[in-house]
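*Asks:* Test case, fold it:
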Amino acid sequence: MKNFLIAIITSEKTWANLSKFGFDKQIRNLRDNFDLSVVLNGYHHDAVDFYKQFQPEYFFLRPNLGFDTAAIAYFIN
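*Replies:* Numbering: from 1, shown residues only. Okay, here's the model as predicted:
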């Protein structure tokens, strides 16, 4: 376990924004420095494949019920 954990909470509609803003390149460059958790709201095959390429230590796939705060609570629990 590393000293830092980065959590990405996204949905089947917003997952591509990580690349849009260049965060995927930073994650690739610095990936050895932190643990990674992804909470994906909604089922989208391309999104699952995209985030799995980063080999997250934690990956949660849950239905998108329209409540972002519920995804945060899910991650914390």
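
*Asks:* buried sites along the helix or strand encompassing Leu30?
*Replies:* In this assignment (DSSP states H and E), Leu30 forms part of helix 23-30. Within helix 23-30, the residues scored as buried using 16 or more other C-beta atoms under 10 Å are 24, 27. Glycine gets a C-beta too; all of them are placed from N, C-alpha and C.

*Asks:* on contacts alone, who are the packing partners of that helix?
*Replies:* Packing partners of helix 23-30 (3 or more C-beta pairs under 8 Å, 6 or more residues apart in numbering; DSSP states H and E): none among the helices and strands.

*Asks:* Chain neighbours aside, what residue packs nearest to Phe34?
*Replies:* Phe4 (4.0 Å; C-beta to C-beta, 6 or more residues apart in numbering).

*Asks:* as a whole number, average confidence for the helix or strand that the helix holding Leu30 is followed by?
*Replies:* Counting by DSSP H and E, the element after helix 23-30 in chain order, helix or strand, is strand 35-41. Mean per-residue pLDDT for strand 35-41: 96.

*Asks:* Direction included, what does strand 35-41 pair up with?
*Replies:* Looking at strand 35-41 with DSSP bridges, its partner strands are strand 5-11 (parallel), strand 58-62 (parallel).
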